[in-house]
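Novice: sequence first, predicted model second:
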Amino acid sequence: MTASVLKRQVCDAIDAMAPALIEVSHVIHANPELAFHEVEAARLLTSRLESAGLPVTRGAFGLPTAYASGFGPKGTPEVAILSEYDALPGIGHSCGHNIIATTGLGAALALGKLGDALPGRVRYLGTPAEERGGGKELMAQQGAFDGVDAAMMVHPAGIDLITMPCIAISEVVVTYRGKSAHASAVPHMGLNALDALVTAYQSIAQLRQHIKHTERIHGIITKGGMAPNIVPDETEGFFYVRAANAEELAILKKRVQLCFEAGALATGCTAEVKWAKADYLDLKTSMPLARSYETNMRTVGRDFFPIEKLPSGSAGSTDMGNVSHRIPSIHPMISCAPPNVVIHNPEFARWAGSETGDKACIDGAKALAMTAIDYMTDAALREKTAAEFALTAESSARSVAAAYDPNGVAEIGGCGCGAR
């Protein structure tokens, strides 16, 4: 059976399932759940897989709200299709993860309906905690992507893009502990933890003058003291550290660490510095796969904004970057809102549950399923994909090695979108 026939079959299957898929999107949208707590979303998505007769492993790869489904002939090209379904605190699905969940589900169900005609193997993964915690990195540490040849997902936005500009990010919490005293009567008896944090903050502000234009450091004081006349004995700051890639991020993290230590040294306080368990890597887009996705998406009537015309500095972060340095991957953007409505604000959440959001669910599912078929059936595409990935495989291996800190804190890491 030719690729064109298979594509027509999966698109027809998605059209037939459209009401059920849109229902899934709406249910997840109406019941936002935070990272690591996506219980109902995971239950809904896995129940749809079981109803379709596909195998499901719940609590997959060490995360209670993760899941995995694998089907298709073994020993054939294997494609991972990913769903995200966590929300943001206070503003729900303002990142549109209800759409990400549904596009992945729709693509997987449609490919599953090909039965014996499926020309490869599918690994459909439910990946929790993208907004906070680095779920994909945590799952990768448990072998979630071992043996997979390529991975793909699609993210909603205000425009259609073949990829998402991304930089690497690490999150860090610093806690200073000093000694309380009456600030007027016996100030000499105290060790001011707020002074320690302010010293570190100012040191970082000075450091920002001398970092690369691709690097960012920003933070807030989350705990500053109880009353002006009491020398603060415990304070806390929360910071994001960003760089173009993992190797540059590792260097910048060391410089920030020294700023934290300077605050403690200057005041006599102690500093407890907690870095994220999972840093988010820059996105290494497989352009051969991305071009295949673009071609398939154009067949459903969508056009693309030229990536080179995006404003300078337009970049976010995602733990799909961590996957992309392990295996060839794509993370395109699909429009569900007007271009002036950006993700991570309440207005975008409204669009994610609208009719244009519904259309993104269906179009995205079709494009993912068709691109998976291209990869499975086109040996030349597989060769180009592998060859391009190999060009930077060594630096990717270093990035992967730097991205995970077993002594870090899972709840601290994130894409830089969610409040702590």
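Specialist: Perfect, I can see it now.
Novice: what's the nearest residue to residue 413 if we skip its chain neighbours?
Specialist: If the residues on either side of it in the chain are set aside, residue 413 comes closest to residue 276, at 3.1 Å by CB to CB, 6 or more residues apart in numbering. For every residue, glycine as well, the C-beta is placed using N, CA and C.
Novice: who's that neighbour bridged to?
Specialist: residue 409 (DSSP bridges).
Novice: tell me how many other residues crowd it.
Specialist: 27 (other CB atoms under 10 Å).
Novice: I'd assumed residue 412 was in contact with it.
Specialist: Yes - because the distance of 4.5 Å satisfies CB atoms under 8 Å, residue 276 is recorded as touching residue 412.
Novice: joint contacts of the two?
Specialist: By CB atoms under 8 Å, 6 or more residues apart in numbering, residue 276 and residue 412 have these common neighbours: 171-172.
Novice: so what would you say the end-to-end distance of stretch 210-229 is?
Specialist: Between the opening and closing residues of stretch 210-229 we find a distance of 36 Å, counting by CA to CA, to the nearest Å.
Novice: contact partners of that stretch?
Specialist: The contact list for stretch 210-229 (CB under 8 Å, 6+ apart) reads 167, 173, 182-184, 193-194, 197, 201, 204, 207-208, 232, 234-244, 248, 252, 255-256, 420.
Novice: tell me which stretches of the chain form strands.
Specialist: Remark: strands assigned in the chain by DSSP state E are 57-58, 67-71, 78-83, 121-126, 150-152, 155-157, 168-177, 216-223, 234-243, 270-275, 329-330, 333-335.
Novice: what does the first one rub up against?
Specialist: Contacts of strand 57-58 with the rest of the structure, by CB under 8 Å, 6+ apart, involve 42, 46, 67-69.
Novice: so what's the gap between it and the chain middle?
Specialist: For strand 57-58, the separation from the chain centroid amounts to 21 Å (computed by CA atoms, centre = their mean, to the nearest Å).
Novice: let's number from 30 now, not from 1
Specialist: From this message on, residue numbering opens at 30, which makes the last subject strand 86-87.
Novice: which neighbours does it have in its sheet, and in what orientation?
Specialist: Each strand pairing with strand 86-87, determined using DSSP bridges, is listed with its direction: strand 96-100 (antiparallel).
Novice: list the buried residues for the longest helix seen in the chain?
Specialist: For the chain, the longest helix by residue count, based on DSSP state H, is helix 32-59. Residues of helix 32-59 classed as buried under the neighbour-count rule (16 or more other CB atoms under 10 Å) are 35-36, 38-40, 42-43, 46-47, 50-51, 53-58.
Novice: my read is that residue 418 contacts residue 355, right?
Specialist: No - counting by CB under 8 Å, residue 418 does not reach residue 355; the two are 9.6 Å apart.
Novice: can you pull the residues that touch both of the two?
Specialist: residue 425.
Novice: sorry, back to before: could you dump the contacts of strand 86-87 to JSON lines with neighbour count, pLDDT and distance to residue 399?
Specialist: Formatted as JSON lines, these follow (neighbours: other CB atoms under 10 Å; pLDDT from 0 to 100; distance: CB to CB, whole Å):
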{"residue": "71", "neighbour count": "25", "pLDDT": "98", "distance to residue 399": "26"}
{"residue": "75", "neighbour count": "21", "pLDDT": "98", "distance to residue 399": "24"}
{"residue": "96", "neighbour count": "23", "pLDDT": "98", "distance to residue 399": "24"}
{"residue": "97", "neighbour count": "21", "pLDDT": "98", "distance to residue 399": "23"}
{"residue": "98", "neighbour count": "24", "pLDDT": "98", "distance to residue 399": "19"}
